[in-house]
Structures are given as structure tokens and as C-alpha cells.
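1. below are the sequence and a predicted model for it; my questions follow.
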Amino acid sequence: MEYNYLGFDINIGKTKPENIIHKDAACPFCDVKNLKNIIDTQDDMILLENKYQVLQDAYQLLIIEGSKCDADIPDYTLEHMCALMRFSIKHWLNVIESKKYKTVLFFKNHGPFSGGTMRHPHMQIVGLKNLSSKNMWDKRQFEGEEIARENKVVMNLSTKPRVGFTEINVIMQGLDDIDILAKYLQIGVDYIKNYFSARCNSYNLFFYLVDDCIYVKIMPRFATSPLFIGYNIELIPNNLNEIAAQIKRIYFGEKND
């Protein structure tokens, strides 16, 4: 089995700001006039180089999702959510098409259990020079109980989760239905944060491009199961059909028998 090891610069890491735990710390993303190395803007969305390049043999970019520091995906208008996904995916694909990197990651951290350090809503694009996407994911992790389908986009609950418990997948064939993808992602995050059976204030979004299809995993984050950490055992909840029915009822107006 091929393993992916990536160097992390501890000295740079020590200088990174953090305001998820220390909520009174200043937010550099709000101080727009002092942001450096801005690459592109659209309305109040900003693409820029990450000031703290902690990953070795990598190129790190940030997408500031908007000007409101305390907002998150469920708070956005659908218009802004669609614009954000079009803006972000365009730049993700641009980095991929540059051919400078072996693999290009695109993800979002939110909340104290997500691995993130900044509260202000943002996403990240990371070009990896030497690591292959092999073993970074498996298509089986996107198999699941269907919740909704529109055009070439489907939302489901993973029956073979990546880590365990409840993971929401959104899969788009081709690149023509980004607005539907955005709508489904907003629904998935809203459900995780506001209706999930367990209190959840942290999640990740992970994006994958494979054969001209975009796969997205919405992963609620808690303390990770020791069975997964120690033994790679993925726990599957026995109430996926109930969760699917609840999401259909709340967001799609379907009545459940």
C-alpha cells in the first residue's frame, strides 16, 4: 500500500493566528486592506495566497467566502452560495489545469473539531507537488441511500463512510450543474448544524475531481472513534433510512409514511 506523508513546517505553524478557541483574537480576513498576495476577487469573495505556507512541497491558497466573519454556509443566500461555488470551483480547476501539481486538494474546515484555526468562513486549495491522489479516496465512500436527485447531481447518505457514522455525499456528473451542487451542499451543511441528532458545531467539506465528475463529502466532526483511529474500522449507523427521510421531509417537502 502506498502511503502519503507530507512535511509540516512547525516554525511557521507556531505563528499562525487562531480565533476559533480564542474568540477575542483579531481576524486577519476582516482586515481586507492589509491582505497580501490577492489573486482574484468577486463581490466580497477573495482568492489569495495563504500567508502561512506550513505544508512543504505545496502551494496553499485561501478563498475568503465573504465579508461577514460570523456567517457560515447556512446563512448565505442561495445566490451567494451559487456564486461562491462557481468562483471556488473555477479556481480549483485552474490550479489543476496548470499542471504544476501532482494533486490539488480543495476543502473547507469549520469549527473546533474540523482542524481549522480561523472562524471567518473560508476554503482552501492546496497544490501538492509530489503526492498522488491514489489512496486519498475510494469511490465506495460515495455509495449511499439516495436523498435527492436533480439533473446530473445526486445527494445521498454514505453506506460505506470514509470515517464512520453519518456522512452526506453530493455527486455531480460533468460540470454544468454547479448551482444545484451548491444548493445541495447548503442543505447538507444546514442539516448537520441544525437538525442532526447529535449537537454538531464542526464539519468539513472535501472535494474530489475524478473523470470530469465532482464528488463532495460533507463530514460532521466530533471526537473520532478510537476503532477508526486504531484499527480503520468504519462504524455505520443503523438509522440511515430515518435520517434520509428526515432530510427529505425538511428540505424537499416529502411526506413520510
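-> Structure's in. What do you need?

2. what about Val95, neighbour count?
-> When neighbours are counted by other Cβ atoms under 10 Å, Val95 registers 18. Heads up, the C-betas are built off the backbone N, CA and C, glycines and all.

3. state whether it and Leu61 are indeed in contact, as I suppose.
-> Yes - at 7.2 Å, Val95 and Leu61 qualify as touching, with contact defined as Cβ atoms under 8 Å.

4. need the overlap of contacts for these two.
-> The contact sets of Val95 and Leu61 overlap at Ile125, Gly127 (Cβ atoms under 8 Å, 6 or more residues apart in numbering).

5. so where's the chain uncertain?
-> Judged against pLDDT under 70, the low-scoring parts of the chain cover residues 1, 255-257.

6. could I get the full set of strands for it?
-> Assigned by DSSP state E, the chain shows strands spanning 38-42, 45-49, 58-64, 103-110, 122-128, 144-150, 153-158, 168-173, 203-210, 213-220.

7. for the protein, longest helix please?
-> helix 78-97 (DSSP state H).

8. and Ile218, what does it touch?
-> Here Ile218 is in contact with Glu167, Ile168, Asn169, Val170, Leu185, Gly188, Val189, Ile192, Tyr203, Asn204, Leu205 (Cβ under 8 Å, 6+ apart).

9. no wait, Phe207
-> Ile89, Trp92, Leu105, Phe106, Phe107, Ile214, Tyr215, Val216 are the contacts of Phe207 under Cβ under 8 Å, 6+ apart.

10. what's the spacing between it and Glu18?
-> Distance from Phe207 to Glu18, counting by Cβ to Cβ, to the nearest Å: 24 Å.

11. re the thing from before, from the contacts of Phe207, which is closest to Ser197?
-> Ranked by distance to Ser197 (Cβ to Cβ), these are led by Val216 at 22.1 Å.

12. wait, that closest one sits on Val170?
-> Yes - in this structure Val216 lies within contact range of Val170 using Cβ under 8 Å: 4.5 Å.

13. give me the common contacts of those two.
-> Joint contacts of Val216 and Val170 (Cβ under 8 Å, 6+ apart) are Leu181, Leu185.

14. with distance to Gly7 and neighbour count as extra columns, can I get the contacts of Phe207 in CSV?
-> Converted to CSV, those look like this (distance: Cβ to Cβ, whole Å; neighbours: other Cβ atoms under 10 Å):
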residue, distance to Gly7, neighbour count
Ile89, 28, 19
Trp92, 23, 21
Leu105, 15, 21
Phe106, 21, 24
Phe107, 19, 19
Ile214, 28, 23
Tyr215, 27, 17
Val216, 27, 24
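
15. out of these, who's nearest Cys27?
-> Phe107 (20.2 Å).

16. ok, now which ones touch that closest one?
-> Neighbours of Phe107 in contact, by Cβ under 8 Å, 6+ apart: Met123, Gln124, Val126, Asn204, Leu205, Phe206, Phe207.

17. give the closest residue to Ile46 in space, chain neighbours not counted.
-> Counting by Cβ to Cβ, 6 or more residues apart in numbering, Ile64 is the residue found nearest to Ile46 once chain neighbours are left out, at 4.2 Å.

18. so what's the residue count around that neighbour?
-> Neighbours of Ile64 using other Cβ under 10 Å come to 22.

19. how about the contacts of Phe107 in JSON lines, adding distance to Lys68?
-> What follows is the contacts of Phe107, written out as JSON lines (distance: Cβ to Cβ, whole Å):
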{"residue": "Met123", "distance to Lys68": "15"}
{"residue": "Gln124", "distance to Lys68": "19"}
{"residue": "Val126", "distance to Lys68": "25"}
{"residue": "Asn204", "distance to Lys68": "21"}
{"residue": "Leu205", "distance to Lys68": "18"}
{"residue": "Phe206", "distance to Lys68": "24"}
{"residue": "Phe207", "distance to Lys68": "23"}
